[in-house]
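Trainee: Generate a structure from the sequence data that follows.
(one chain, ligands or ions: 4)
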Amino acid sequence: HAKEKGENNYQFFSSDMKSTLLTKIQLEKDLRQAIANEEFVLHYQPQIHTRTGEVIGMETLIRWEMSDGNTISPGKFIPLAEETRLILQIDEWVLYNACRQAKAWHEDGHPHLKLAVNLSPLQFLHDNLMVTLQNVLEKTGFPASLLELEITEGVAVFDVEKAISRMQELRELGVQIAIDDFGIGYSSLIYLKRFPINHLKIAQPFIQDMATDPDDMALVEAMISIAHSLGMSVIAEGVETNEQLAFLENLDCNEVQGYLFSQPLTVEAFTEMLAKEKLQSAGVLHPGR
Ligand code: C2E
Ligand code: MG
Ligand code: MG
Ligand code: MG
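Mentor: Ligands and ions are numbered 1, 2, ... in the order given. This is a model prediction of the structure:
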């Protein structure tokens, strides 16, 4: 019997799984190294006020730049970082460095920019989050009121009551909260009603299909109207075409973000973009405006 069992086990543990496991172990090792060596960089994607066309803030998006020059996107390492809880260290690093950079832009003549930071559910619900945040805000001098934390509806899956009390704590600190990727996953209108949040971020797939699929259009319209009646503002992500923008403008979507305006930019490129924007709005580039 033992032999049979052993054989079954061996078969079950196929070579495919073995190589996946090895890749995972290697990736985890590399990830720990990356944290120690600070191999991460932050890119920033502008968020645009739909009506005025002005840049009102930016979302920070992490990239892993390996020592061999390869760049790894967050979709490839965040899941493992969450599984290993290494995300706690990564998110803390992101919070501190993004707030420091945003503060520098404030001091460089753009004091109104808000900063959006993605937080993993693990970090969002962690006992130390409030202390971490207070330290970051104190050390960087970045104002709480211009910090927006992006979380997914997934936070509710772990513990709804805890998620709601955490949102209340954040509110008391003056930090804003956005629900990211709204409409996919565990969306529930009951949560939406109970969450003390400021912003709803409509998930990309709806935006990308709204111009061609009347069902998506209807859903986007409904999401915007629900958010507005609950006193939330709406941001659309993944806006790529002028057609999508025109529809969103019509539906009173408050903010837009996507390749139509800009890809996520390096610090240098974002700084340059801000300088150009300032010239434009001062009428230097388009004196007729
Ligand atoms: P997300 O927060 O929903 O970010 C939006 C993703 O869409 C980003 O991918 C962004 O680069 C991409 N994107 C922006 N505009 C467009 C567009 O017009 N078209 C298309 N097709 N894509 C667009 P990215 O940078 O690869 O990030 C993927 C996800 O990784 C993020 O989704 C977020 O959930 C997570 N993430 C990124 N940075 C962090 C971080 O610092 N901490 C945590 N915990 N998660 C992060
Ligand atoms: Mg996000
Ligand atoms: Mg997301
Ligand atoms: Mg999103």
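
Trainee: contacts and neighbour counts: CA atoms only from here.
Mentor: Fine.

Trainee: show me where this structure has strands.
Mentor: Here the chain has its strands, by DSSP state E, at 40-49, 55-65, 71-72, 114-118, 147-152, 176-182, 199-202, 233-237, 255-257.

Trainee: ok, of those strands, where does mean pLDDT dip lowest?
Mentor: Among those, strand 71-72 carries the lowest mean pLDDT, at a mean of 91.

Trainee: How about that one and ligand 1, touching?
Mentor: No: Strand 71-72 stays clear of ligand 1 (Cα under 6 Å from any ligand atom), getting no nearer than 8.9 Å.

Trainee: and if you look at stretch 59-67?
Mentor: Yes: Stretch 59-67 is in contact with ligand 1 by Cα under 6 Å from any ligand atom, via 61-62.

Trainee: Tell me how far that stretch lies from the chain's centre.
Mentor: Per Cα atoms, centre = their mean, to the nearest Å, the displacement of stretch 59-67 from the mean C-alpha position of its chain is 13 Å.

Trainee: and for it, what are the contacting residues?
Mentor: By Cα atoms under 8 Å, 6 or more residues apart in numbering, the surrounding residues in contact with stretch 59-67 are 34, 39-47, 71-74, 94, 98, 115-118, 264.

Trainee: Tell me the buried residues within those residues.
Mentor: Among the contacts of stretch 59-67, those classed as buried by neighbour count (16 or more other Cα atoms under 10 Å) are 34, 40-47, 94, 98, 115-118, 264.

Trainee: Widest-spaced pair of those residues?
Mentor: Greatest spatial distance in those: 34 and 47, 28.8 Å, computed using Cα to Cα.

Trainee: Quick check: the gap between the residue in the stretch 101-250 of the chain that ligand 4 sits nearest to and residue 275.
Mentor: Going by Cα to the ion, ligand 4 is nearest to residue 181 of the stretch 101-250 of the chain, at 4.2 Å. Per Cα to Cα, to the nearest Å, residue 181 is found 30 Å from residue 275.

Trainee: now swap in residue 242 and tell me
Mentor: Distance from residue 242 to residue 275, by Cα to Cα: 24 Å.

Trainee: okay, these two: which has more neighbours?
Mentor: Using other Cα atoms under 10 Å as the criterion, residue 242 and residue 275 rank with residue 275 on top: 14 against 11.

Trainee: contacting residues for that one?
Mentor: Residue 275 touches nothing, counting by Cα under 8 Å, 6+ apart.

Trainee: Run the angle between the longest helix along the chain and strand 55-65 for me.
Mentor: Scanning the chain for the longest helix, with DSSP state H as the assignment, gives helix 15-37. Angle, helix 15-37 to strand 55-65, by axes from the mean of the first three to the mean of the last three Cα atoms, to 10 degrees: 120 degrees.

Trainee: returning to that earlier point: pull the contacting residues for the closest residue to the residue of the stretch 101-250 of the chain closest to ligand 4 other than its chain neighbours.
Mentor: Leaving aside its sequence neighbours, residue 181 sits nearest to residue 203 (Cα to Cα, 6 or more residues apart in numbering; 3.9 Å). By Cα under 8 Å, 6+ apart, the contact set of residue 203 is 180-184, 236-238.

Trainee: Of those residues, just the buried ones, PyMOL syntax please.
Mentor: Applying 16+ other Cα under 10 Å to these leaves a buried subset, and the PyMOL line that selects it is:
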select buried, resi 180+181+182+183+236+237+238
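
Trainee: Hmm, residue 202 and the residue of the stretch 101-250 of the chain closest to ligand 4 touching each other?
Mentor: Yes: contact criterion Cα atoms under 8 Å: residue 181 and residue 202 qualify, at 5.6 Å.

Trainee: Up against ligand 1, what does this structure have?
Mentor: Checking the chain against ligand 1 by Cα under 6 Å from any ligand atom, the hits are 61-62, 73-75, 91, 94, 118-120, 181, 238-240, 258-259, 264.

Trainee: From those, which land in helices?
Mentor: Residues of these located in helices (DSSP H): 74-75, 91, 94.

Trainee: just to revisit the earlier point, from residue 168, how far out is the residue nearest to residue 181?
Mentor: Distance of residue 203 to residue 168, given as Cα to Cα: 24 Å.

Trainee: swap in residue 84?
Mentor: 28 Å.

Trainee: Which of these two has more residues huddled nearby?
Mentor: Just comparing residue 84 and residue 168: by other Cα under 10 Å the higher neighbour count belongs to residue 168, 16 against 13.

Trainee: Just give me the closest of the ones in helices among the residues of the chain next to ligand 1 to residue 23.
Mentor: Set against residue 23, the nearest of those by Cα to Cα is residue 75 (15.9 Å).

Trainee: Thanks a lot, catch you later.
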